[in-house]
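Q: Any chance you could fold what I've pasted below:
(one chain, ligands or ions: 2)
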Amino acid sequence: MKIKDIVIGVVEAPLITPFKTALRTVYYIRNIAIYVHADDGQIGIGEAAPTAVITGETNASITEAINEYIKPAIIGMDVEDISQIMERLDKSIYKNTSAKAAIDMAIYDLLAKRYQAPLYKLLGGYRKELVTDITISVNETAEMVKDSLEAIKRGFQILKIKVGKDPAGDIARILAIRDAVGPTITLRVDANQGWTPKEAVRIIRALEDANANIELVEQPVHYSDIEGMQYVTANTITNILADESVFSPKDAITVIEKRAADLINIKLMKTGGIYQAQKICNIAEANGIQCMIGCMLETKISVSAAAHFAASQKNITMVDLDGPILCVKDPVAGGPIFNGQSISMLDKPGIGFSL
Ligand SMILES: C[C@H](N)C(=O)N[C@H](CCC(=O)O)C(=O)O
Ligand SMILES: [Mg+2]
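A: Ligands and ions are numbered 1, 2, ... in the order given. Sure, this is the predicted structure:
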């Protein structure tokens, strides 16, 4: 099964409410869809999200990276030569991880279709069901409390609370949410790099003193401030999760060696796809570090690929795959079933979309 052509399209989905983090506000998803055509007529599907503030990519850069660099590097290769394809993909252009992720997942989709196997089984098949959290955008406290209660009414038991935009008000925001939702709901906090190391320690310790019972705090400080993350991890009890600081296996080794975090968030848009994500997950597991699977603002196409990967791995113990849940409707039919907080893998070949 040889790679014959790569076709680029657009996938669009309006969001139910604006998505707000310390880094950006988004009203509408407009991502790149990828179709990798094989010489036997099969098509593999992928998606790239243009998260300029995190990966540095735009839809224009993703399109250019694929057309000018990635496509010439892998066209004509046999889908079964996965390691060789992934080596060429990695070397075809520096960084551009979302462009690479879209191609990587489309090729894995083809490989799994070649063997008539669901992708999660081909990758290791650890479990069939995942439970995702849902994001509560950063807003004024009252609005975040209202959004949290609505999410619980919709059946979500795990909330990912965005903070870091207004550090002075963050303790009050989080405590008000804990107060409103009660003790049984799991709360994750994501500062998206919005705090200084000293601010982070002060805020997290205040939450600890108030018995807020926060499961983890994600990326408290700037992605490049590994010493700062190390300082936060060393001076708090709460688990610290590295997100924007870990794109590659090398980044994971640095964070682990420096004890800069307790946990790692793997996103296909940061790793450049499943092949590199597996390496990070293995490195973390060998070092006793559990991983979260995360997503950017992505539709069901790439989030489904991430779900297959997460389902295949024992060491992925936390799931933040709420992209499709934040959209008014899915732009594609098929794939795993997203029903409230549960994501169920089906036994259709590949990622599960009929193309
Ligand atoms: C959508 C997901 N729950 C999430 O919060 N991802 C963010 C980055 C999303 C973006 O800006 O596209 C994260 O974990 O930092
Ligand atoms: Mg994050």
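Q: Just give the number of residues close to Gly125.
A: 16 (other Cβ atoms under 10 Å). Every C-beta, even on glycine, is put in place using the N, C-alpha and C of the backbone.
Q: now it, what's its secondary structure?
A: coil (DSSP: H, G, I helix; E, B strand; the rest coil).
Q: can you count the residues close to the residue nearest to it when sequence neighbours are not counted?
A: Once flanking residues are discounted, Gly125 sits nearest to Ser312: 5.9 Å by Cβ to Cβ, 6 or more residues apart in numbering. With neighbours defined by other Cβ under 10 Å, the count for Ser312 comes to 22.
Q: residues in contact with Ser312?
A: By Cβ atoms under 8 Å, 6 or more residues apart in numbering, the residues touching Ser312 are 119-126.
Q: what pairs with the nearest residue to Glu218 once chain neighbours are set aside across the strands?
A: Spatially, and ignoring its direct neighbours in sequence, Glu218 is nearest to Asp190 (3.9 Å; Cβ to Cβ, 6+ apart). Listed beta-bridge partners, Asp190: Lys162, Glu218 (assigned using DSSP bridges).
Q: Just give the number of residues close to Asp190.
A: Using other Cβ under 10 Å, Asp190 has 27 neighbouring residues.
Q: So for whichever residue of the stretch 151-300 of the chain sits closest to ligand 2, what's the pLDDT?
A: Residue of the stretch 151-300 of the chain nearest ligand 2, by Cβ to the ion: Asp243 (3.6 Å). You'll see Asp243 listed with a pLDDT of 99.
Q: Isn't it up against Asn265?
A: Yes. Judged on Cβ atoms under 8 Å, Asp243 makes contact with Asn265 at a distance of 4.1 Å.
Q: so what's in contact with these two at the same time?
A: Common neighbours of Asp243 and Asn265 (Cβ under 8 Å, 6+ apart) are 218-219, 294.
Q: just curious, which of those is nearest to Lys165?
A: Gln219 (13.4 Å; Cβ to Cβ).
Q: How about the contacts made by that closest one?
A: The neighbourhood of Gln219, defined by Cβ under 8 Å, 6+ apart, consists of 190-193, 241-245, 265.
Q: Walking through the stretch 201-350 of the chain, point out its strands one by one.
A: For the stretch 201-350 of the chain, the strands defined by DSSP state E, counting those that start in this stretch cover 214-218, 239-242, 263-267, 291-294, 316-319, 337-339, 342-344.
Q: Which one of those strands lies nearest to ligand 1?
A: Nearest to ligand 1 among those is strand 291-294; the distance by Cβ to the nearest ligand atom comes to 4.8 Å.
Q: Parallel or antiparallel, list what pairs with the closest one.
A: Sheet pairing of strand 291-294 (DSSP bridges) gives strand 263-267 (parallel), strand 316-319 (parallel).
Q: Give me the distance between the first one and the centre of its chain.
A: When distances are taken as Cα atoms, centre = their mean, to the nearest Å, strand 263-267 is centred 8 Å away from the chain's centroid.
Q: That one - what's its average pLDDT?
A: The average pLDDT within strand 263-267 is 99.
Q: how big is the angle separating that strand from strand 214-218?
A: 60 degrees (axes from the mean of the first three to the mean of the last three Cα atoms, to 10 degrees).
Q: May I see the strands paired with strand 291-294 organised as a markdown table, with distance to ligand 1 added?
A: Output for those, formatted as a markdown table (distance: least, Cβ to the nearest ligand atom, whole Å):
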| stretch | distance to ligand 1 |
| --- | --- |
| strand 263-267 | 6 |
| strand 316-319 | 10 |
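Q: most packed of those strands?
A: Mean neighbour count (mean count of other Cβ atoms under 10 Å) peaks for strand 263-267 among the strands paired with strand 291-294, with a mean of 25.
Q: residue of this protein with the smallest distance to ligand 1?
A: Counting by Cβ to the nearest ligand atom, the chain gets nearest to ligand 1 through Met296 (3.6 Å).
Q: Ile29 reaches Ile301, doesn't it?
A: No. With contacts counted by Cβ under 8 Å, Ile29 stays clear of Ile301, the gap being 10.8 Å.
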